[in-house]
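# model the structure of this input:
(one chain, ligands or ions: 1)
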Amino acid sequence: MRKSSRFKPDELAAYQWQMPARRNARINDQGSDHANPTTELPVEPIDWAKLFGNANPVEIEVGMGKGLFLLNSAIARADTNFFGIEIVRKYQLYATNRFAVRQLPNVKTVCTDAGWVLSRFVLPASVNAVHVYFPDPWWKARHKKRRVFSPQFAAQSARIIREGGRLLIATDVEEYFGVMTGIVRAMPAFRELRAETSTGTVEEAGYQTNFERKARQNGTPVWRAEFERTAGPITEVADPAA
Ligand SMILES: C[S@@+](CC[C@H](N)C(=O)[O-])C[C@H]1O[C@@H](n2cnc3c(N)ncnc32)[C@H](O)[C@@H]1O
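Now for the predicted structure:
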């Protein structure tokens, strides 16, 4: 990975949202409060208008990696605010360096577990879209519980996406695509708009993220789906990884 420390930390601060101090936190036995998103903490919602300095709509990307989707989206859609969640610090640094180069005012990030942020800091019906592109597949059966896209995650997405908003997913793992679409299709809170697979080179099919570019280069098919948030109730389906 290319060295990502082109800008000094204070120059990147504008692109990195810091979670509020953990007042009254009950930390688990490992001393980590990321491992258990159900740890009791006060909910301190993000005020999007305050964070971005305007009332434009907000879209969240979960697991942004090196931030290519956010970079291109923030440039192409200056009237939308983008919030990226990434658990690995070096990727957050890499992505925020990219945003700093372009001095983008409409993209921010946080480095932590996405489920944690969605459940603790995001108000109901406060975002227009949640994007989840090429989430880690965790191939081994005993590791599947680590997958970011679970019934709980889908329910949190339904809670935070406003009616008419979108949940968008893509992956190069057919089995994981089946699991994700199976979860969402069983939820009355979502209506499927499209689900498709495509192959093709980078030139033929294009790409939105670094992992999608890799898939195209390897000739691997990409599965993609888009769902609309309905007025339906939020339900949590049975966990396929359980
Ligand atoms: C396979 S990469 C895909 C990156 C990017 N979306 C792309 O398509 O190029 C998955 C990313 O999700 C991040 N990730 C994994 N679990 C996460 C979690 N619980 N919360 C936030 N990010 C997570 C990983 O660190 C990694 O950067």
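
# now do the buried residues in the lengthiest helix in the chain.
The single longest helix within the chain, with elements called by DSSP state H, is helix 89-102. For helix 89-102, a neighbour-count test (16 or more other C-beta atoms under 10 Å) marks 91-100 as buried. For glycine as for every other residue, the C-beta is placed from the backbone atoms N, C-alpha and C.

# that helix near the ligand at all?
Yes - shown here: helix 89-102 in contact with the ligand (C-beta under 6 Å from any ligand atom) through residue 91.

# I'd like the next helix or strand past that helix.
strand 107-111 (DSSP states H and E).

# ok, residue 155 - contacts?
Counting by C-beta atoms under 8 Å, 6 or more residues apart in numbering, residue 155 touches 187, 234-236.

# no no, residue 17
Residues near residue 17 by C-beta under 8 Å, 6+ apart: 46, 51, 83, 108-110.

# show me just the buried residues among those.
Buried among the contacts of residue 17 by 16+ other C-beta under 10 Å: 46, 83, 108-110.

# who does the lengthiest strand in the chain pair up with?
When the chain is scanned for its longest strand (criterion: DSSP state E), the result is strand 161-171. Its sheet considered, strand 161-171 pairs with strand 127-133 (parallel), strand 222-229 (antiparallel) by DSSP bridges.

# closest to residue 131 among the contacts of residue 17?
Distance to residue 131 across the contacts of residue 17 (C-beta to C-beta) is lowest for residue 83, with 10.3 Å.

# which residue is the nearest non-sequential neighbour of the closest one?
residue 60 (4.9 Å; C-beta to C-beta, 6 or more residues apart in numbering).

# pretty sure that neighbour contacts residue 130?
Yes - contact criterion C-beta atoms under 8 Å: residue 60 and residue 130 qualify, at 5.1 Å.

# what do the two both touch?
When contacts are counted by C-beta under 8 Å, 6+ apart, the set common to residue 60 and residue 130 consists of residue 160.

# in three-state terms, how would the residue nearest to residue 83 be classified?
The three-state assignment at residue 60 reads strand, by DSSP: H, G, I helix; E, B strand; the rest coil.

# which parts of this structure sit against the ligand?
Counting by C-beta under 6 Å from any ligand atom, the chain sits next to the ligand at 62-65, 85-88, 91, 113-114, 133-136, 148, 209-212.

# would you list the contacts of residue 155 in CSV and tack on distance to residue 205, secondary structure and pLDDT?
As requested, the contacts of residue 155 are exported to CSV (distance: C-beta to C-beta, whole Å; DSSP: H, G, I helix; E, B strand; the rest coil; pLDDT from 0 to 100):
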residue, distance to residue 205, secondary structure, pLDDT
187, 29, coil, 97
234, 34, coil, 95
235, 35, coil, 92
236, 34, coil, 88
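
# who wins for most neighbours among the residues you listed?
In terms of neighbour count, residue 187 stands highest of the contacts of residue 155 at 23 neighbours, by other C-beta atoms under 10 Å.

# what about the residue positioned nearest the centre of the chain, distance to residue 219?
Nearest to the mean C-alpha position of the chain, by C-alpha atoms, centre = their mean, lies residue 62 at 1.2 Å. When distance is defined by C-beta to C-beta, to the nearest Å, residue 62 is 26 Å away from residue 219.

# then residue 161?
33 Å.

# quick check: angle from the helix or strand harbouring residue 177 to strand 222-229?
Using DSSP H and E, residue 177 maps to helix 174-185. What separates the directions of helix 174-185 and strand 222-229 is an angle of 10 degrees, with axes from the mean of the first three to the mean of the last three C-alpha atoms, to 10 degrees.

# in helix 174-185, what counts as buried?
Here helix 174-185 shows 176-177, 179-181, 183-184 as buried, counting by 16+ other C-beta under 10 Å.
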